[in-house]
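Colleague: Quick one, what's the 3D model for this:
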Amino acid sequence: MKTVYKIGHRGAKGHITENTLESISLALEMGVDGIEIDVHLCASGELMVFHDFTLDRLSDGSGEIAAKTYEQLQQLTVKGGYKIPLLTEVLDLIEGKCSINIELKGLHTAKPTCAIISHYIDKGWDYSSILVSSFQENELLEVKKINEHILIAVLSKASVEEAIEWGKILNATAIHPSLGIITRQSIIDAHNQGFNVNAWTVNEPEDIARMIEFGVDGIISDYPDRLT
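Modeller: Okay, here's the model as predicted:
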């Protein structure tokens with residue numbers, strides 16, 4: 001049986017508040033092969049690592065993250081007593097330790113993400129250690145227009161077949177379907193089309209075992225310590 005790539009979902013989300021440096025550090029301690037994070041562009045132009053479009057669920061702030069400046073966001077506290085990190089802070093933390101999957105959440109995130117990736121490539125990172133994913137095909141298309149060397153993945157929670165089709169159009173490396181839409185045959189179909197398949201979000205031991213049996217390439221989990 002092949003080795004499955006272990007990817008920490010927003011760090012180690014099941015243990016420490018998601019998308020924080022502390023959560024990512026714990027995932028690294030758990031021996032992940034990769035970290036998955038989310039980015040939004042804030043009002044002053046920085047890329048912030050945060051999942052939701054609004055601040056209310058996870059912080060003591062409110063309103064859209066895109067409407068706040070970096071200085072304003074730095075004043076907020078994330079649940080658990082943490083801070084919202086910059087993408088560059090996350091990259092500096094994991095440098096040389098594992099790969100990263102940057103999910104483009106907000107609009108207009110492609111261009112600044114590509115600029116940061118180029119900077120880290122110049123610092124010695126390899127393109128193979130960075131993957132950019134999104135549900136937003138337009139953002140992924142922009143990534144490829146800016147830098148064809150950046151690897152991309154198509155996210156889907158509706159249809160593996162649709163993800164495969166978009167993958168072909170966008171020249172993607174991988175597709176990232178949600179656990180609930182994956183079948184054994186869909187993995188075969190994706191592999192036959194040349195795509196890696198990373199499943200999300202897979203937390204329960206029986207689901208992890210099933211995805212491994214189905215032949216996925218990677219598993220994205222809130223509990224990376226459960227991945228073997």
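Colleague: For the protein, which strand extends over the most residues?
Modeller: When the chain is parsed with DSSP state E, its longest strand is strand 34-41.
Colleague: what comes up buried for stretch 184-193?
Modeller: The neighbour-count check on stretch 184-193 (16 or more other Cβ atoms under 10 Å) flags 186-187, 190 as buried. All C-beta spots, glycine's among them, are computed from the backbone N, C-alpha and C.
Colleague: Need those residues in TSV (columns: secondary structure, pLDDT and distance to V202).
Modeller: Formatted as TSV, the buried residues of stretch 184-193 follow (DSSP: H, G, I helix; E, B strand; the rest coil; pLDDT from 0 to 100; distance: Cβ to Cβ, whole Å):
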residue	secondary structure	pLDDT	distance to V202
S186	helix	98	15
I187	helix	98	13
A190	helix	98	16
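Colleague: from these, which is closest to S44?
Modeller: Within the buried residues of stretch 184-193, the smallest distance to S44 is 39.3 Å, found for A190 (Cβ to Cβ).
Colleague: Run through the protein and note the low-pLDDT ranges.
Modeller: The chain contains residues with pLDDT under 70 at 1.
Colleague: on that earlier part again, between the buried residues of stretch 184-193, which is closest to P224?
Modeller: Closest to P224 out of the buried residues of stretch 184-193 is I187 (21.0 Å), distances taken as Cβ to Cβ.
Colleague: thinking again about what came up before, partner strands of the longest strand of the chain and their direction?
Modeller: Using DSSP bridges, the strands paired with strand 34-41 in its sheet are strand 5-9 (parallel), strand 47-49 (antiparallel), strand 99-104 (parallel).
Colleague: between those strands, which one is nearest to R210?
Modeller: strand 5-9 (16.1 Å).
Colleague: Which residues does stretch 5-13 contact?
Modeller: 18-20, 22-28, 30-38, 51, 101, 198, 200-201, 217-225, 227 (Cβ atoms under 8 Å, 6 or more residues apart in numbering).
Colleague: Please measure how far the first residue of it sits from its last one.
Modeller: 17 Å (Cα to Cα, to the nearest Å).
Colleague: distance between it and the chain's centre?
Modeller: 9 Å (Cα atoms, centre = their mean, to the nearest Å).
Colleague: Report the contact partners of the nearest residue to D60 once chain neighbours are set aside.
Modeller: Distance criterion Cβ to Cβ, 6 or more residues apart in numbering; nearest residue to D60, sequence neighbours excluded, is T77 at 5.1 Å. Listed by Cβ under 8 Å, 6+ apart, the contact partners of T77 are 59-60, 83.
Colleague: Please report the distance of A67 from A158.
Modeller: Distance, A67 to A158, using Cβ to Cβ, to the nearest Å: 29 Å.
Colleague: what about the helices in the chain?
Modeller: 21-29, 70-74, 87-94, 110-122, 137-146, 160-170, 184-192, 205-214 (DSSP state H).
Colleague: what packs against the last one?
Modeller: Spelled out, that is helix 205-214. Helices and strands touching helix 205-214, by 3 or more Cβ pairs under 8 Å, 6 or more residues apart in numbering; DSSP states H and E, are strand 218-221.
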